[in-house]
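Engineer: Output the structure for:
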Amino acid sequence: MWSTGDRSGPPPYPYPADRTYNTKGGPKEGMINVHLVPHTHDDTGWQVTVDQYFEREVYFIVDTIAQQLAEDPNRKFIYVETAFFARWWEQASDAKRDRMKKLVAGKQLEFINGGWCMHDEASPLWTAMVDQTTRGHQFLLKHFGPEANPRGTWQIDPFGHSNTEAWLLGAEAGMESLFWGRMDYEDRDMRFGLNQTSSTPEKPTTGGFEWIWEGSKSLGASAQVFAGNLYGTGQGGYSTWMNFDGSDDQINDDPRRHDYNVDQWVDKFVQDARAQAAHTLTDHQLWACGTDFQYQNADHWFRNLDKLMHYVNLNGSVNAFYSTPTIYTEWKHKNKSVVYEVRTDDIFPLADNAHDYWSGYFTSRPALKRQVRFATNLLSAARLLEVATNTTAAEVGRPTAKASPVVGDSWTDSLEGTVGVATHHDGMSGTERQDVTDDYEQRISESSFEVEAGVAASLAKLLKVDRAAIAHCNCNAAGDCLNMTVCAATTDAKAGFTIAAFNPLGQAQDAMLRVPVGVAGHWTCDDASGAPAPTQALPLDDRTKSLPLLYVNAFNMTLAEVAEEKAKLANKAVQVLAIRASLPAVGLTTLSCAPTPAAPRYALSDPPVTVADNADGTTTVANGFLELTFADKALVSLKNLDAGISTTLTATWGWYNSSVGGCTDYPDYLPKDILEPPCSGQASGAYMFRPNSSKLFGFDPAFEPTMEVEKGSLVTEVRLASADWASHVVRLRAGARHVEVEWTAGPIPVDTPWFPPVAFENGNASKPLPNNWGKELVLKYASDLESAETFYTDSNGKEMVKRVRDARGPSYPHPYNISEPVAGNYYPVNALIALDDGANELSVVVDASLGGASIDDGSLELMVHRRLQADDNRGVQEPLNETMCGCNDVGAAPGSMGAHGHEGDGGCDC
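Structural biologist: Below you'll find the predicted structure:
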């Protein structure tokens, strides 16, 4: 029983004679004004695929919302995920479409965000965020006109927030507000502990749940957006304590019934509004009414909200009415005397408890992250070619069979939709189930066929050649994949081939192309003028040759069938050509390549790469600008010859042991720092990163590390392996002012035979299975730069953000307690991570998003892959246990968990 001791009269509150509840209303001066904002949050893939969610749940959400809004013009609703709405629109009758148009025109249904999904903020580049938002807005403009343009941003579910979201997708996109549903627990507790009473320009109030977010140091105050974390239950979250979706208590206003409860509901409502008022500037509060996939029968919610609003207003203690974030923001800004805190930091990594850091998903499912990055870049290039050649979808003639809901008429349209769906915060984040990951990857691949066909048609126009003669090996939509140095088009062309290299960037590039070939020996490549381009042939290494064979799924196959499959998938290339190409800005270059009996002659404008085997056993690789030294099968130092500076520099592999939660007491024969107290039930999972210790472990001591040097004046490669599943190539080419490191990781084994088995003791199920250890694989660069605990990471490929180890930005509590010294210092890296000592800088540029940190001064580490043994209890209900075939449990029935913690489908053996 809740009681405020303040109501206009004793219960029972009289219900209206005709059962028509008073839902009219708006803000009233001098009262607490509660803006009730009905909403649903619909993931475009998570536990099931986007289409499964739509058919099972989201269709009914959109359909019944429209019915309920049409019944009462005072009701309102906000909707985010246009990918779902577009699916409903495709199936809707003309009458339903007309009704929806009226609801939008009447401001009852408001689109907020308006993107194809609610995108992740840690994994995508800004281009992917803009692309998916643009696609959603184009759909809304096409079908509803400019009155449907979203005016606010509703990023309530992502697991951290970037500065780029604030200034680019917020202020610069014309958004008036930006709301979250998750915030750091120490930040939240600090703000929850401070009452909000007044603010002045001289002393703005800090500690509240709303602020002005200024995300760009470059644009400053010109790119601010009103922002805040939803108050939720008082502990954050994107729903109030109310849940009217049908399974919880409903409001019974019939006093003849035993469970009449209106007075309890009203008392609780008034009590919570008064509590929230102590933490909110102005008399206005936003209550988000709804959560994941709710309103499948919208009558449940609106019937109860109508009642609640009617009786709360009859009580008269507070004022409640239907609203939207747009209306709410307008009223917040009407109070000109209030000055909000200006926030300039981001929300990474998010922590919701002392040992619960959402920094694992920065790396989870790296293959999907790279596929989304590649497809985003492919779209950028394809659009330029489409415009340059005016190539239409009809000319391409290769429509995607199972296309995305249509927005435009371009041959890029379906891929834009599939990438937009995968940009979702439970998509490329890597926090979905394995079969959903497979679905994202399949959609991108299928839609990429059409885009590759469009690129071929466009190039054929530019080159004035037969389109049928154009092939590609771009991984997406191809059986061949240059990411594995596999390309049948070039490998099978024994007499030679012509490369068409298109540069979509706005500046010229001096690029190094790498193309596998099937003929050993010398090759020559001539540009369009007939001049020879610098070309060098390098042999394929064993690790590269083995990659296609990982696709062999031996489940239920005989040895002969396995051998046949391996022969079919084997890489037929014998070497790879490194070709130096000068590419004009937004332009095309052709290179005609053919085998030749003699070494090619070409003019090299830069000093050649040289290799010296020194008397002290070291090997030095230099190109006139940089010098690398290797010793004991490892990189040991780097010199910048131009600047006359040098540093020790190592690039070493290691792995963190993933916690499975609970307290563990390991035997004496295991490393002493295998676990650092205190204990916690939190396991490392798809979302969370929690190692059992701060120690980076090495590899099987039975494996002898290897180093091979492939020498050449154009490019020299030093190939290093620390295990048969962790290797990298250090590459230096002529004229380069940077060193290229190409890593190959996985499949990660869980078996760790070089540790003695750990037995279960006293029923402690938190211990790992005997010899089975989850691994978080890291490539660490260590220098002698004294970086003073400071490093920098990019924000979605835009501006850089300063990071300080064991600290947070200026709006957080000071001091800030980081109780997980590794996980709490990891940040998303989309393009660049760097450190300096005030004079010299070390930077690592990446080609796909992952997690990174500087755990020790002078070091930068990047987590490149993860394979875990436990679920982190954040809803996905499946360990992140990626293998080549998805690691479904053969012994488990479909939909049931097996011994390996995976759902079974009989697909392959773990």
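
Engineer: just checking, what packs against the strand or helix carrying residue 450?
Structural biologist: Assigned by DSSP states H and E, residue 450 falls within helix 434-463. Counting contacts by 3 or more C-beta pairs under 8 Å, 6 or more residues apart in numbering; DSSP states H and E, helix 434-463 is packed against helix 366-389, helix 393-396, helix 413-422, strand 497-503, strand 587-596. Heads up, the C-betas are built off the backbone N, CA and C, glycines and all.

Engineer: looking at it, residue 125 is touching residue 794, isn't it?
Structural biologist: No: if you go by C-beta atoms under 8 Å, residue 125 and residue 794 don't touch, sitting 9.2 Å apart.

Engineer: So which bits of stretch 322-342 are buried?
Structural biologist: 322-332, 338-341 (16 or more other C-beta atoms under 10 Å).

Engineer: Any idea how far apart the tips of it sit?
Structural biologist: 29 Å (C-alpha to C-alpha, to the nearest Å).

Engineer: how about stretch 90-99: buried residues?
Structural biologist: Those would be 92, 96, 99, for stretch 90-99 by 16+ other C-beta under 10 Å.

Engineer: Check what contacts the helix or strand hosting the last one and list those residues.
Structural biologist: For residue 99, the enclosing helix or strand under DSSP H and E is helix 94-105. Under the contact criterion C-beta atoms under 8 Å, 6 or more residues apart in numbering, helix 94-105 has outside partners 63, 66, 69-70, 89, 92, 109-111, 143-144, 147-148.

Engineer: Can I get those residues in TSV including distance to residue 366 and secondary structure?
Structural biologist: Output for the contacts of helix 94-105, formatted as TSV (distance: C-beta to C-beta, whole Å; DSSP: H, G, I helix; E, B strand; the rest coil):
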residue	distance to residue 366	secondary structure
63	38	helix
66	41	helix
69	43	helix
70	47	helix
89	35	helix
92	39	coil
109	39	strand
110	37	strand
111	33	strand
143	37	helix
144	38	helix
147	42	helix
148	37	helix
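
Engineer: picking that back up, dump the buried residues of stretch 90-99 into a markdown table; add pLDDT and distance to residue 550 as well.
Structural biologist: As requested, the buried residues of stretch 90-99 are exported to a markdown table (pLDDT from 0 to 100; distance: C-beta to C-beta, whole Å):
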| residue | pLDDT | distance to residue 550 |
| --- | --- | --- |
| 92 | 97 | 45 |
| 96 | 98 | 48 |
| 99 | 98 | 53 |
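
Engineer: from those residues, which is closest to residue 809?
Structural biologist: Among the buried residues of stretch 90-99, residue 92 lies closest to residue 809 (C-beta to C-beta), at 45.5 Å.

Engineer: how about the nearest residue to the closest one, chain neighbours excluded?
Structural biologist: residue 100 (7.2 Å; C-beta to C-beta, 6 or more residues apart in numbering).

Engineer: Quick one: neighbours of that neighbour, just the number.
Structural biologist: Neighbourhood size, residue 100 [other C-beta atoms under 10 Å]: 23.

Engineer: Quickly note the distance from it to residue 144.
Structural biologist: 8 Å (C-beta to C-beta, to the nearest Å).

Engineer: Need the residues touching each of residue 125 and residue 794.
Structural biologist: Common neighbours of residue 125 and residue 794 (C-beta under 8 Å, 6+ apart) are 830-831.
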